[in-house]
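my questions concern the predicted model and sequence given below.
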Amino acid sequence: MKPIFYLLCLALTCLFSCSSSREWYKGNLHTHSYWSDGDNYPEMIMDWYKTQGYDFAVLSDHNTLQVGERWKQLPKSPMHEQALENYLEKYGEDWVEQRTDSAGRVQVRLKTLGEYRPLFEEKGKFLIIPSEELSASFEQKPLHMNVTNIQQYIEPATGNSVSEVLQRNLDLVKKQRDETGHPMFLHINHPNFIWAITPEDMMALSGERFFEVYNGHPEVHNYGDSLRPSMEALWDRVQVSYLLSAKPLLYGLAVDDAHHYHVFGEKQSNPGRGWVEVRAKSLSPEDLIEAMEAGDFYASTGVLLEELAFDGEKLSLSIRPEAGVSYTIRFFGTKKSNPDEAGVLLQEIQGTKGSYLLDGTELYVRAKVTSSKSKENPYRPGDMEEAWIQPVTKK
């Protein structure tokens, strides 16, 4: 085992086994507002997340940070007019700045992160993390990547292939992290959106640690099709490639990618569909990112855990049960003897508790919990509430 891989395993084991001083924090890492292509004001969106019990959230608008002067010209539609009325009712005319242009169109000044942040943040209770969705492309393929805890605007890099564009943007984030001393990370968004990013594109990368195994936008093809892999199948294939190349583990996120806050339904990209539960020392960007980079989190669309532990050999979990709901725990992995069969089912358990003992024959093991409870306002009709537990390797 190479030294860097051994140290990563030790760090992961320590974080999981020394979790008594840590707390679980719920957060969403992909959301949009009027600053790009969302349909509501930043304050209204942050109020939704805070009142819905989230501990942290981002606004990851396309190729912009919420700084400087920006005026939103309101589309002439009853929905947007009602949104302005709701905004005025909640925050008042002294807060909401309006003007009318020469054509009689209403414009509203969008508040910056620095302005609206104090309305919501409470130490230990709610945190807003700066973010930007780097939105690049190659041959008309959308290559989107979120930067969590970004400190300065990053102009998306271009390149001569999908993997080159992704790698150059990864390198820009690493450069800013090194120069500022602030922890931050880039994650790959919705690889199957317009079928833009293949497993092979991701396999070529160096330094990628996170991607969206679940995205709540109705057009991102989470489940693949007859020709292209689902996000879980992609995860397993890339995972095998990374580990065989002595790269760190790849972790999976669940996110909203919310754009629509007024009309809810299967054709809209709404908030509340997917999130992460992070076990961290405190509700700070530094501690949240430290925990996530160690894999001490899980992704969810509704299933919540009471316990999650990995002692270097055994991965164990217990579910916070709901009355009348049943649960299936599945452990997936890839055997070292047959890396071409990525992500095979290793064990299945019915109930609220389960564990899997790694015997050293596996490259990695991850878990997934599926409940019998239907997901409210699902990504796809018929979806049940689920949770994805991050992969581990034997110490």
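Okay, I see it.

could you identify the helix or strand that succeeds the longest strand seen in the chain?
As assigned by DSSP state E, the longest strand anywhere in the chain is strand 362-374. Next helix or strand after strand 362-374 toward the C-terminus (DSSP states H and E): strand 384-392.

how much space between Tyr91 and Val220?
32 Å (CB to CB, to the nearest Å). For every residue, glycine as well, the C-beta is placed using N, CA and C.

swap in His260?
Counting by CB to CB, the gap from His260 to Val220 is 14 Å.

sorry, back to before: so for Tyr91 and Val220, which residue has more residues nearby?
The neighbour count for Tyr91 versus Val220, taken as other CB atoms under 10 Å, is higher for Val220 (20 against 17).

could you pull up the residues touching the more buried one?
Counting by CB atoms under 8 Å, 6 or more residues apart in numbering, Val220 touches His190, Asn192, Phe193, Glu212, Asp257.

tell me how far it lies from Ile45.
20 Å.

Ile349 now?
38 Å.

ok, those two, which is more surrounded?
Legend: neighbour count by other CB under 10 Å for Ile349 and Ile45, higher for Ile45 (22 against 17).

burial of the residue nearest to the more buried one when sequence neighbours are not counted, as a residue count?
Excluding the flanking residues, the one nearest Ile45 by CB to CB, 6 or more residues apart in numbering is Ser33, at 5.5 Å. Residues near Ser33, counting by other CB under 10 Å, number 25.

sticking with Ser33, tell me its helix or strand.
Using DSSP H and E, no helix or strand contains Ser33.

correct me if wrong: it contacts Leu59.
Yes - in this structure Ser33 lies within contact range of Leu59 using CB atoms under 8 Å: 5.1 Å.

what is in contact with those two at once?
Pro42, Ile45, Gln66.

in a markdown table, list those along with pLDDT.
Below are the shared contacts of Ser33 and Leu59 laid out as a markdown table (pLDDT from 0 to 100):
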| residue | pLDDT |
| --- | --- |
| Pro42 | 98 |
| Ile45 | 98 |
| Gln66 | 98 |
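
any chance of those in JSON lines, plus distance to Leu205 and secondary structure?
Shown next, in JSON lines, are the shared contacts of Ser33 and Leu59 (distance: CB to CB, whole Å; DSSP: H, G, I helix; E, B strand; the rest coil):
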{"residue": "Pro42", "distance to Leu205": "32", "secondary structure": "helix"}
{"residue": "Ile45", "distance to Leu205": "31", "secondary structure": "helix"}
{"residue": "Gln66", "distance to Leu205": "28", "secondary structure": "coil"}
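
who does the residue nearest to Ser300 when sequence neighbours are not counted bridge with?
Spatial nearest neighbour of Ser300, chain neighbours left out: Ala387 (4.4 Å); criterion: CB to CB, 6+ apart. Beta bridges link Ala387 to Ser300, Val369 when assigned by DSSP bridges.

please renumber the chain so that the first residue is 4 from this point on.
In the new count, where the first residue is 4, that last one comes out as Ala390.

can you tell me how far Gln143 is from Glu158?
20 Å.

please report phi then psi for Tyr57.
Main-chain dihedrals, Tyr57, degrees, to the nearest 10: phi -80, psi 150.

next up, the contacts around it.
Neighbouring residues of Tyr57 by CB under 8 Å, 6+ apart: Lys29, Gly30, Asn31, Phe129, Trp278.

keep only those of those that are in strands.
Secondary structure from DSSP E places Lys29, Gly30, Asn31, Trp278 of the contacts of Tyr57 in strands.

of all those residues, which two lie farthest apart?
Pairwise distances across the ones in strands among the contacts of Tyr57 peak at 8.2 Å for Lys29 and Asn31 (criterion: CB to CB).

what touches both of those two?
Residues touching both Lys29 and Asn31 by CB under 8 Å, 6+ apart: Tyr57, Phe59, Trp278, Val279.

against Phe300, how distant is the third one?
As for Trp278, its distance to Phe300 is 10 Å (criterion: CB to CB).

neighbour count winner among these two?
Trp278 (29 against 25).

surely that one touches Gly219?
No - between Trp278 and Gly219 there is no contact under CB under 8 Å: 9.5 Å.

picking that back up, what would the shared contacts of Ser36 and Leu62 look like in a markdown table with distance to Leu237?
A markdown table is the format used below for those (distance: CB to CB, whole Å):
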| residue | distance to Leu237 |
| --- | --- |
| Pro45 | 32 |
| Ile48 | 29 |
| Gln69 | 32 |
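
most surrounded residue in the contacts of Tyr57?
Neighbour counts for the contacts of Tyr57 peak at Trp278, which has 29 neighbours (criterion: other CB under 10 Å).

what segments of this protein are helices?
6-20, 45-54, 81-94, 116-123, 165-183, 202-206, 234-247, 288-296 (DSSP state H).

adding distance to Arg333, write those helices out as JSON lines.
Formatted as JSON lines, these follow (distance: least, CB to CB, whole Å):
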{"stretch": "helix 6-20", "distance to Arg333": "20"}
{"stretch": "helix 45-54", "distance to Arg333": "30"}
{"stretch": "helix 81-94", "distance to Arg333": "41"}
{"stretch": "helix 116-123", "distance to Arg333": "37"}
{"stretch": "helix 165-183", "distance to Arg333": "30"}
{"stretch": "helix 202-206", "distance to Arg333": "21"}
{"stretch": "helix 234-247", "distance to Arg333": "11"}
{"stretch": "helix 288-296", "distance to Arg333": "23"}
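
Phe335: which of the ones you listed is closest?
Among the helices of the chain, helix 234-247 sits nearest to Phe335 (CB to CB), with 6.9 Å.
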